[in-house]
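>>> Sequence and computational prediction follow.
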Amino acid sequence: MATDGLYERPGFLLRRSHQISVSIFERACSSLSLTPAQYGVLAVLAAQPHIDQTRLAKALAFDKVTVLRVLKGLQERGLCVREPVASGRRQMAVSLTSAGHALLQQARLPVQQAYDELLSPLSVAEQSVLVSLLQRLTQSLEQEARSSFVPIEPVPTVRPHQPR
């Protein structure tokens with residue numbers, strides 16, 4: 001039976017690439033018991049302390065159920081805390097604990113190693129082209145996504161005044 005070009009279709013290749021990416025990441029971070037979704041949440045929480053769960057979900061293009069499941073697992077490990085937003089709404093704000101910050105710091109090297117391994121079959125120029133093409137693809141077709149994506153801007157670092 002013919003596959004009708006299944007193995008050359010972008011959707012198949014993107015899904016297979018994602019499977020490989022997750023496998024490489026989970027192997028690199030196995031000693032930390034960290035998944036790509038958990039790392040994404042930790043990274044966003046570090047960049048945007050006290051972010052509400054809705055903005056967190058959008059920052060990672062997760063649905064509300066997924067972000068809640070990931071947060072509950074991180075909270076059980078003592079890596080983050082959820083507190084009601086001051087405005088009194090039912091919304092929860094999320095922050096990293098000191099243990100969450102420490103785990104994120106420990107993950108930096110293995111995460112970079114996973115990224116390097118994933119892109120290792122490509123030259124530096126090809127890596128740049130691949131990332132650029134994936135960004136264009138996702139940005140151009142954003143309206144087709146099931147979960148909205150609203151990237152966050154990191155909190156600016158306040159630098160002490162330097163005398164001249």
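Alright, I've got the coordinates.
>>> what's the pLDDT at the residue nearest to residue 61 when sequence neighbours are not counted?
Sequence neighbours aside, residue 149 is the residue nearest to residue 61 in space, at 4.0 Å (criterion: CB to CB, 6 or more residues apart in numbering). Bear in mind the C-beta positions are built from the backbone N, C-alpha and C, glycine included. For residue 149, the pLDDT comes out at 93.
>>> so residue 149 sits right up against residue 57, yeah?
No. The criterion here is CB atoms under 8 Å, and residue 149 misses it with residue 57 at 9.7 Å.
>>> So which of these two has more stuff around it?
residue 57 (25 against 14; other CB atoms under 10 Å).
>>> re the thing from before, for residue 93, see how far away the residue nearest to residue 61 is.
The gap separating residue 149 from residue 93 is 20 Å, by CB to CB, to the nearest Å.
>>> just residue 143 next, same as before
29 Å.
>>> Neighbour count for these two, which is higher?
residue 93 (18 against 6).
>>> and the more buried one, that one's in a strand?
Yes. Counting by DSSP: H, G, I helix; E, B strand; the rest coil, residue 93 is found in a strand.
>>> what's the longest helix along the chain packed up against?
Secondary structure of the chain per DSSP state H: the longest helix is helix 98-119. Applying 3 or more CB pairs under 8 Å, 6 or more residues apart in numbering; DSSP states H and E, one finds that helix 98-119 contacts helix 10-28, helix 36-47.
>>> Among those, show me which one is buried the most.
helix 36-47 (a mean of 20; mean count of other CB atoms under 10 Å).
>>> Run the chain-centre distance for the following helix or strand past that one.
Sequence-wise, the next helix or strand downstream of helix 36-47 (DSSP states H and E) is strand 51-52. Centroid displacement of strand 51-52 relative to its chain, using CA atoms, centre = their mean, to the nearest Å, is 15 Å.
>>> Same question for stretch 142-154.
Its chain's C-alpha centre and that of stretch 142-154 lie 12 Å apart, by CA atoms, centre = their mean.
>>> So which residues make contact with that stretch?
Stretch 142-154 is contacted by residues 44, 47-48, 51, 55, 57-63, 138 when judged by CB atoms under 8 Å, 6 or more residues apart in numbering.
>>> what's the pLDDT at residue 161?
48.
>>> And the spatially most central residue of the chain, how close does it get to residue 11?
Ranked by distance to the mean C-alpha position of the chain (CA atoms, centre = their mean), the top residue is residue 40 at 2.6 Å. Remark: distance between residue 40 and residue 11 (CB to CB) = 22 Å.
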